[in-house]
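Undergrad: Need a 3D model of the sequence below.
(2 chains)
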Amino acid sequence: MLQDILVTGLVNGGVYALLAIGFSLIFGVARIVNIAHTAFYMLAAYCFYTLLVKTGLGFLLSGVIAVGAVTLFSVICYRLVIEPVREHEAAVLIATIALALIFQELMLFTFGGHFLGIPSTLEGAVRFLGVSIPYQRLLILVVAGVSLAAVWFVLYRTRLGLAIRATANDLEVANLMGMNVHRVAMATVAISVALAAVAGVVVAPVFVVDPFMWLAPLVTMLAIVVLGGLGSLKGSLIGALIIGYVEAITVFAVPAGAYLKGAVALMIMVAVLLVRPEGLFGVAFEEER
Amino acid sequence: MYWLRRGWAELRNEVFVLPSRTLVLAWVVALLALPLVYGDAYVMRIVTMTCIFAIFAASWDLLAGYTGQVNFGHALFFGAGAYTSALLSLKLGLSPWATIWAGAAVALFVGFVVGYLCLRLRGSYLSLATLAFPLIALGILFAFPDFSGGELGVSGLRRLTLTPTGNYYVAALSMLVIVFALWALADSRFGIVLHAIRDDEVAARASGINTPRYKLMVFAVAGAAAGFSGALFAHYLRVAGPSTLEVALSFQVVIWGIFGGVATIYGPVAAVFILYPLTEWLGSFRAFGELRLLIFAIIVLLVLLFMPRGLTPWVRDKIETQCPRCKQRNGTWRKICRLCGAAVSGEDLSYKPR
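TA: Numbers count the residues shown, from 1 in each chain, chains lettered A, B, ... in the order given. Here you go, the predicted model:
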């Protein structure tokens, strides 16, 4: 059981980290609480399903196309819907909620409400420390690791990453230093949604694909981001692992744990907030006036 | 006779001079007269539900709009009221008239607890943390299905009154009383303090306002009002299920509030009265039935693109102007202010936040 907990926690933590880091990025740079973030994850899963099962493209090709298409689509949505109301925080908030609802209903209308099954990308399993780990879960772990490394590289080793970090730090000064903050925000949207789309594509064969699959990870992701500190990437990564393990422990070790796993994860978040209101790694910034 | 003339004069001088007040009066009259004029059961059912949700949306606005504690888990109070009232009336056999108050009282207490836990949080942290509370409650309810009924909820409750008209009037009158009470509260000195807390909490504290106390009071009041609406909802539908605690309901109230215009009380109420019947009406077409949530979301999105501050502030700016000298409001047709005589027509000099 211990090995099960270790492996499941790591795999779920990896998926959550992909989602939470994207959300954190976009919040840090553009101060957008993007409720539609996991809706893009759902869109990517559906896109992957369509390409793979309906048109019969290969796994790799459909995955890449799905991620690309969803990323492009998110930038279009950002330009058409979010940017016109950027100055009104409340309007941005419900614009993202409305977007998520629109995606959910579109998928419900096109594909119906039933679960869709996607064949595993890789069959078989490897035995490691006495537990058998399906290759599919290993793949999730590898993809998550590679994506996170890529994001780290973009953020800390390129000029775009420098601009993103500068904008997150202080939007107005970054603007005065000659960075095009609108374009930086757009690039951030693209990066963050691409991460969510990658997560959607890799988990599609493991989790069920249905139009409401965005709600549960949304809540968990928000809990992780708050737990780790809003806008802090390190916090999101560590928070994701904490919540991943907490959920795994609850499911395997507590009776009726499957019902309680969300509740326990959220209680951990509330407990952390009571002690540190700015999250584990958040900066306790005084009011932004 | 004197009182009639006096009343008419008051009406003409205080209500009919402003289009917004006339609209509110017309709305109240229409609401009270509806069962007498058009007693269709389907329409009455929709308006009853609208009234119940209007209480809920108004209570959210007091918390989120006025005080700036943007609550993403407002369904917690709704669900607390609904489940308390339902369990008390089913397990102990109490009358619904008593258990509704018990539901509101429990929701008040829950509001106090949530407010206490969230005192140190602000901004987005508060929003995202409050999102967690109803889901924690939901997880606990699902873990004890014998007590809470699990997925199915607590069903088979007694009706409040036996006739649809009776239920309608209970909902409509409690809605009017609660909404006007919240409006009066928000317009009083108390409400001004809430504005101060939202705009700058540090400055409010520096001015000697005990902000934690005010925040706790607002959480409790908003919780009680939301719990009352939840209890009404449970007894009207005769079931208190997990849907009263779901994220969808919490998001729904955020949409209503922001769509109508925050920090107005009447804005969210107006939004509920527009959006809820609209979705029901769309749902009644067979062709649109599946698409109604989609159409709802698209309408919200389009309206926001044109009126980013919400519906009611936009409408109010169209039909009324603010006097540049005494800051009172006038109908747009007036050339001079009705109170101080300053010229109000021509270009609008009043300050408009971008």
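
Undergrad: where does residue A:118 land in three-state SS?
TA: coil (DSSP: H, G, I helix; E, B strand; the rest coil).

Undergrad: how about it, what does it touch?
TA: Residue A:118 makes contact with A:45, A:48, A:49, A:52, A:53, A:204, A:205, A:209, according to C-beta atoms under 8 Å, 6 or more residues apart in numbering or on different chains. (Each C-beta comes from the backbone N, C-alpha and C, glycine too.)

Undergrad: Let's see that with 10 Å instead.
TA: Going by C-beta atoms under 10 Å, 6 or more residues apart in numbering or on different chains, residue A:118 touches A:45, A:48-49, A:52-53, A:59, A:201, A:203-209.

Undergrad: Of the residues you listed, which is the nearest to residue B:49?
TA: residue A:208 (32.3 Å; C-beta to C-beta).

Undergrad: before we move on, back to that, show me which pair in the contacts of residue A:118 is furthest apart.
TA: A:59 and A:208, at 18.5 Å, using C-beta to C-beta across the contacts of residue A:118.

Undergrad: Could you check which of the two is surrounded by more residues?
TA: More crowded of residue A:59 and residue A:208, by other C-beta atoms under 10 Å in any protein chain shown: residue A:59, with 18 against 14.

Undergrad: pLDDT wise, what is the more buried one at?
TA: On the pLDDT scale, residue A:59 is placed at 84.

Undergrad: got the contact list for it?
TA: A:48, A:51, A:52, A:118, A:119, A:120, A:121, A:122, A:139, A:201, A:205.

Undergrad: which residues does residue 21 contact?
TA: This is for chain A. Neighbours of residue A:21 in contact, by C-beta under 10 Å, 6+ apart: A:144, A:147-148, A:151-152, A:155, A:191-192, A:195-196, A:221, A:224-225, A:228, A:232-237, A:239-240.

Undergrad: looking at chain B here, not the other one
TA: Residues in contact with residue B:21 (C-beta under 10 Å, 6+ apart) are B:11, B:14, B:15, B:320, B:329.

Undergrad: my read: residue A:30 touches residue A:186, true?
TA: Yes - using C-beta atoms under 10 Å, residue A:30 is in contact with residue A:186, at 9.1 Å.

Undergrad: shaky segments in the stretch 1-150 of chain A?
TA: Across the stretch 1-150 of chain A, the ranges flagged by pLDDT under 70 are A:121-124, A:128-131.

Undergrad: What values do phi and psi take at residue B:154?
TA: Per-residue torsions, residue B:154: phi -100, psi 110 (degrees, to the nearest 10).

Undergrad: what's the helix or strand for residue 76?
TA: No chain was given, so I picked chain A. Applying DSSP states H and E as the criterion places residue A:76 in helix A:59-77.

Undergrad: let's do chain B instead
TA: Here residue B:76 sits within helix B:75-91, counting by DSSP H and E.

Undergrad: packing partners for that helix?
TA: Counting contacts by 3 or more C-beta pairs under 10 Å, 6 or more residues apart in numbering or on different chains; DSSP states H and E, helix B:75-91 is packed against helix B:41-61, helix B:96-117, helix B:123-143, helix B:145-148, strand B:154-155, helix B:211-237, strand B:239-240, helix B:247-260.

Undergrad: so which of those gets nearest chain A?
TA: helix B:123-143 (2.7 Å; C-beta to the nearest C-beta).

Undergrad: Which stretches in the stretch 151-289 of chain A count as helices?
TA: Applying DSSP state H, counting those that start in this stretch to the stretch 151-289 of chain A gives helices spanning A:159-169, A:171-176, A:181-203, A:215-228, A:233-253, A:257-275.
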